[in-house]
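Peer 1: coordinates only, sequence not included:
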């Protein structure tokens, strides 16, 4: 894959606890920031329940639509952890004990602690590649372009480093932020004009509330620093003309 290729990904968050609001999803942000840094753009994120048919149907679509798919959740030891068997069904391959995963976990737990529940974490699609887990032993896995990670944020984060050489990205996506003491309606027309003049650059505006005052952060994103610089100049030009204060966040 050449460095000029645009590479994309989808993130699939699996778990009733996210949908119910009991658990807050931070994994999307962690994965997206990491993927951006290696030149992969996240184009879709979905959150679905622990229901096999839903997982299989969603994965079947995402894996042919995007270069990479990252799932989080559902690979633990309990009855509702059904991601591994759902991935096996999606690819039409056998669901079985992964010998290498079994050895890793057998060595990780004290004698007598490697019970049936924990052994469930060794069941994976046949010939899956392991994603090693430096934090808690239990590995994730990948089949073709689908990468399955645990839902626990600290564990997930610790496993991404081991994947960096596996993912082939394009140019890393750079970003630049300008924070202004203003409201979105004040800059909307001017910002739209800059966006229209620079259509291959992504420009977003995000309101914030800081130290008791409202403001807007404008984020410019591109693989090309010179294009960011052009947009930055055009934005600062209208900011200056409107006498809007630039603030440090």
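Peer 2: Ah, there it is. In this text, all values refer to a predicted model and were calculated from it rather than measured experimentally.
Peer 1: shaky segments in the chain?
Peer 2: Applying pLDDT under 70 to the chain flags residues 1-4, 249.
Peer 1: need the helices for it, in chain order.
Peer 2: Counting by DSSP state H, the chain has helices at residues 16-19, 27-37, 52-65, 83-91, 99-108, 116-119, 153-160, 184-197, 225-241.
Peer 1: so what does the third one touch, helix or strand wise?
Peer 2: The reference is to helix 52-65. Helices and strands touching helix 52-65, by 3 or more C-beta pairs under 8 Å, 6 or more residues apart in numbering; DSSP states H and E, are strand 7-14, strand 40-48, strand 68-72, helix 83-91. C-betas here are computed from N, CA, C, even on glycine.
Peer 1: swap in the fifth one?
Peer 2: Packing partners of helix 99-108 (3+ C-beta pairs under 8 Å, 6+ apart): helix 116-119, strand 129-131.
Peer 1: check contacts around residue 11.
Peer 2: Shown in contact with residue 11 (C-beta atoms under 8 Å, 6 or more residues apart in numbering): 27, 28, 31, 32, 42, 44, 45, 46, 69, 70, 71, 72.
Peer 1: dump the residue contacts of the spatially most central residue of the chain.
Peer 2: The chain has residue 31 as the residue nearest its centroid, 3.0 Å off, counting by C-alpha atoms, centre = their mean. Neighbouring residues of residue 31 by C-beta under 8 Å, 6+ apart: 11, 42, 70, 72, 149, 156, 160.
Peer 1: switch the cut-off to 10 Å
Peer 2: Contacts for residue 31 (C-beta atoms under 10 Å, 6 or more residues apart in numbering) come out as 9, 11, 13, 40, 42, 45, 70, 72, 147, 149, 156-157, 160.
Peer 1: and residue 164, by the same measure?
Peer 2: 34, 37, 38.
Peer 1: filter the residues you listed down to the buried ones.
Peer 2: 34, 38 (16 or more other C-beta atoms under 10 Å).
Peer 1: tell me the one among the contacts of residue 164 nearest to residue 246.
Peer 2: Residue 246 lies nearest to residue 37 out of the contacts of residue 164, by C-beta to C-beta, at 26.3 Å.
Peer 1: return the distance of the closest one relative to residue 206.
Peer 2: Distance from residue 37 to residue 206, counting by C-beta to C-beta, to the nearest Å: 20 Å.
Peer 1: on that earlier part again, could you dump the helices of the chain into TSV and include distance to residue 166?
Peer 2: Converted to TSV, the helices of the chain look like this (distance: least, C-beta to C-beta, whole Å):
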stretch	distance to residue 166
helix 16-19	26
helix 27-37	12
helix 52-65	16
helix 83-91	17
helix 99-108	16
helix 116-119	26
helix 153-160	10
helix 184-197	35
helix 225-241	27
